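Student: got a predicted structure here, sequence first:
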Amino acid sequence: MKAVLQRVKHAKVEVDGTVTGECGEGLMILLGVAKGDTEADADLLAKKICNLRIFTDENDKMNLSVKDINGEALVISQFTLMANYRHGNRPDFFESAPPAEANRLYEYFKSLLQGELKHVGCGVFGAHMDVSLTNNGPVTIVMDSEVLKKKAN
């Protein structure tokens, strides 16, 4: 499972001109689910994301988490994070989880964040979405549950 986090002042996602989710200060999270990912992958990422100290304190040091600032999140499914671009110039997405399983784990991941943060907006799984955001920093972090598993062992 991969996540791209962007620290934002505001972010929103629209489907067919209708806002389906948004957040204020906090994180916009693009989430990709790979074949073989489980709830344990979502647990690892959600815990790390909620506690990651990437927001500035009174001394302008990145010492605060999204929870510490009472921040929000916008979570958007993005299977293209699983792109295989090693061969040729057209990526394949064979490493992505099948849609039903990816959606199940996406919903599970969102529920974990909803248990930790004051507000979690979301996109529409499988839809074409227009995403807009105001980056704060910019601060962008790429996470992979496989990396977190190696660290835990």
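Tutor: That came through fine.

Student: next, the buried residues of the helix or strand hosting Asn135.
Tutor: Following DSSP states H and E, one finds Asn135 within strand 130-144. For strand 130-144, a neighbour-count test (16 or more other Cβ atoms under 10 Å) marks Leu133, Asn136, Met143, Asp144 as buried. (C-beta placed from N, C-alpha, C; glycine too.)

Student: let me have these in CSV, extended by pLDDT and distance to Asn70.
Tutor: Below are the buried residues of strand 130-144 laid out as CSV (pLDDT from 0 to 100; distance: Cβ to Cβ, whole Å):
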residue, pLDDT, distance to Asn70
Leu133, 98, 19
Asn136, 96, 15
Met143, 97, 22
Asp144, 94, 27
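
Student: go through those residues and name the one nearest Asp60.
Tutor: Asn136 (12.8 Å; Cβ to Cβ).

Student: thinking that closest one is in contact with His10, fair?
Tutor: No: using Cβ atoms under 8 Å, Asn136 is not in contact with His10; the gap is 9.0 Å.

Student: need the residues touching each of these two.
Tutor: Jointly contacting Asn136 and His10 under the rule Cβ atoms under 8 Å, 6 or more residues apart in numbering are Glu25.
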